[in-house]
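[1] Coordinates for the following, if possible.
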Amino acid sequence: MPLRPGDPAPDFTLPSTQGPVSLSSLLGKGKVVLAFYFQDNTPLCATQVGMLKGDFDVLQELGAQVVAISADSLESHQEFVRRLGGVPFPLASDESLAVARAYDVVDETGKRCRRAVFVIGEDGRVLLANAFFQPNSPDQYQELFRVLGLEV
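    Presented below is the predicted three-dimensional model:
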């Protein structure tokens, strides 16, 4: 069943490019943006991660923490970060798709995450659930910032 605003966000712990990352350790330190993406080193996913990288200062000013998640291995993530010239937030590896299943964002093949964005409040509840995020949609991207408190 898809997550909706007001639902409790499933906790997780995953390996990432910045060490183990868990939702529970991020809660209470501001809102959390979880950005699921399809695959490292693909053009649209590079756009999605690149947009968050480009706006990272604004996201931080809004008190948000960012975690990007895909089914790729940690080694693949590290290469993707290198190709992007560094990424200031963790790319987490969900090779088993356990977290993608918990957030109901496994794609039709059953082998990858769909592009999706969730904003989790400090209380651990979902504030925004976009299970079909389109990085090239200005409206969807602006919605993310509205939920974080920016007037766009």
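[2] Just confirm His77 contacts Glu95, I think it does.
    No - if you go by CB atoms under 8 Å, His77 and Glu95 don't touch, sitting 10.6 Å apart. Quick note: C-beta positions are derived from backbone N, CA and C, even for glycine.
[3] between these two, which one's more packed in?
    Set side by side, His77 and Glu95 show more neighbours around His77, with 22 against 13, by other CB atoms under 10 Å.
[4] where does the more buried one fall, helix, sheet strand or coil?
    Three-state call for His77 (DSSP: H, G, I helix; E, B strand; the rest coil): helix.
[5] Disregarding flanking residues, what is the spatial nearest neighbour of Lys31?
    Ala64 (4.8 Å; CB to CB, 6 or more residues apart in numbering).
[6] okay, now the one you found: neighbour count?
    With other CB under 10 Å as criterion, Ala64 counts 25.
[7] What of Ser73?
    Considering only other CB under 10 Å, Ser73 is surrounded by 13 other residues.
[8] Could you double-check that it sits in contact with Ser93?
    Yes - Ser73 lies in contact with Ser93 (CB under 8 Å); the separation is 5.9 Å.
[9] Show me the common contact partners of the two, please.
    Common neighbours of Ser73 and Ser93 are not found (criterion: CB atoms under 8 Å, 6 or more residues apart in numbering).
[10] ok, Phe132 to Pro2 distance?
    Plainly put, Phe132 is 10 Å away from Pro2 if you go by CB to CB, to the nearest Å.
[11] where do the strands sit along this structure?
    Counting by DSSP state E, the chain has strands at residues 13-14, 21-22, 32-36, 65-70, 91-93, 116-120, 126-130.
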